[in-house]
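> missing the sequence, but the structure's below:
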């Protein structure tokens, strides 16, 4: 008997919804045609974001200030409404200078040390958890404090 596998991708399912899929399995056994009916119960997945924020850039860089901005993960990687962003700012000695959770896509840092490398790490979060991290490393300008 030859069995064939058939797969179907179901798109645009709504979270928390149960779907019942009715299937018919038909096969030919010698001279008899046999039908089997069965149901599949499916519950749509609940996922944290699977993509990082993108287009993370530093702007308005001076010897003591720096602004970072980013965009939310691409649509297919959000997996729900993005509600927050967790960020960490570290210096070139890998000391954590600031760590917070915010709802906007922009953060400004002041009182930085001139001519110092800073790295900002940002992850997007929804009601199910946080996603992967995006990073940007930038250098403050020379000058006295």
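Perfect, I can see it now. Just so it is clear, the structure is predicted and the values come from calculations on it, not from any experiment.

> Show me where this structure dips below the pLDDT cut-off.
Along the chain, the parts satisfying pLDDT under 70 run over 1-10, 13-46, 144-145.

> I'd assumed residue 78 was in contact with residue 47.
No: Residue 47 lies out of contact with residue 78 (CB atoms under 8 Å); the separation is 9.4 Å. Where C-beta positions appear, they are placed from N, C-alpha and C, glycine not excepted.

> and these two? which has more neighbours close in?
Legend: neighbour count by other CB atoms under 10 Å for residue 47 and residue 78, higher for residue 78 (18 against 15).

> So residue 74 sits against residue 54, correct?
Yes: the criterion here is CB under 8 Å, and residue 74 meets it with residue 54 at 6.7 Å.

> Residue 131: how many residues sit nearby?
Neighbours of residue 131 (other CB under 10 Å): 25.

> what about the strands in the chain?
18-29, 32-43, 54-59, 66-71, 84-91, 96-102, 106-109, 117-126, 129-139 (DSSP state E).

> Overlap in contacts, residue 74 and residue 54.
When contacts are counted by CB atoms under 8 Å, 6 or more residues apart in numbering, residue 74 and residue 54 have no shared neighbour.

> How about the contacts made by the nearest residue to residue 76 once chain neighbours are set aside?
Spatially, and ignoring its direct neighbours in sequence, residue 76 is nearest to residue 51 (7.7 Å; CB to CB, 6 or more residues apart in numbering). Counting by CB under 8 Å, 6+ apart, residue 51 touches 73, 74, 76, 77, 78, 124, 131, 132.

> Drop anything exposed from the residues you listed.
73, 77, 78, 124, 131 (16 or more other CB atoms under 10 Å).

> Now the third one: closest residue in space that isn't a chain neighbour?
When you say that, I think you mean residue 78. Residue 78 sits nearest to residue 49 (CB to CB, 6+ apart), 5.5 Å away.
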